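Undergrad: Need the 3D shape of this:
(one chain, ligands or ions: 1)
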Amino acid sequence: MKQNNISFSFKEFDKAEDLDAEDRELLAAAQKATANSYSPYSGFSVGAALRLESGRIVTGTNVENAAFPSGICAERNAISNAVSNHPGDKPVALAIAAFSGSSHTSEPVAPCGNCRQVIAEEENRNGISIRIILGGSSKIRIIGKGADLLPLQFNSESLRITPR
Ligand code: THU
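TA: Residues are numbered from 1 along each chain as shown. Here you go, the predicted model:
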């Protein structure tokens, strides 16, 4: 038997002004994207902004549906937007923000499990890390790479098994 341990460290800031200019810009784009959310069922508007290698920023928001599982998260919409419209321009950073009630959430919102899986696929196929910026109005977290949020992944390597 072997006892293993997985840990990761991340940065935490009190306010957006403490971020560097590029991260601040990306977080502002994610906050702005919450305004486009179609979320009548949850009332929870999420915005995601991806910075691509070229410097371009593409955004996504959550789009809900009366058939609840047909709804899709902001992060996956941002990634689909980037892949569909800017193929080859690899995402290097992702900022996420949420708006609920009458204000942006004070706590940072983290990507759901489905979105972590999709972020991991982008990192793996492109061979680069995506910095994750989780922005609340009273706390901001910066995580070095999506893989930190999804240890022990199921990925394309997992499919390389001997067929029976
Ligand atoms: N949602 C996102 O868009 N991203 C997240 O990281 C968490 C959840 C959306 C899905 C749904 O439309 C609403 O937020 C409430 O779960």
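Undergrad: Would you map the helices across the protein?
TA: For the chain, applying DSSP state H gives helices covering 21-33, 74-85, 113-126.
Undergrad: and the ones you listed as JSON lines, adding distance to residue 98?
TA: For glycine as for every other residue, the C-beta is placed from the backbone atoms N, C-alpha and C. Below are the helices of the chain laid out as JSON lines (distance: least, CB to CB, whole Å):
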{"stretch": "helix 21-33", "distance to residue 98": "9"}
{"stretch": "helix 74-85", "distance to residue 98": "8"}
{"stretch": "helix 113-126", "distance to residue 98": "13"}
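Undergrad: Quick one, which of these gets closest to residue 162.
TA: helix 113-126 (21.3 Å; CB to CB).
Undergrad: what about the residue nearest to residue 46 when sequence neighbours are not counted, how many neighbours?
TA: Excluding the flanking residues, the one nearest residue 46 by CB to CB, 6 or more residues apart in numbering is residue 74, at 3.9 Å. Neighbour count of residue 74, defined by other CB atoms under 10 Å: 30.
Undergrad: mind listing what residue 74 touches?
TA: The contact partners of residue 74, by CB atoms under 8 Å, 6 or more residues apart in numbering, come to 30, 33, 34, 37, 46, 47, 48, 60, 61, 62, 96.
Undergrad: Which members of those additionally contact the ligand?
TA: 46, 62 (CB under 6 Å from any ligand atom).
Undergrad: Go ahead and confirm residue 151 touches residue 6.
TA: Yes. Using CB atoms under 8 Å, residue 151 makes contact with residue 6 at a distance of 4.8 Å.
Undergrad: Thank you kindly, that will do.
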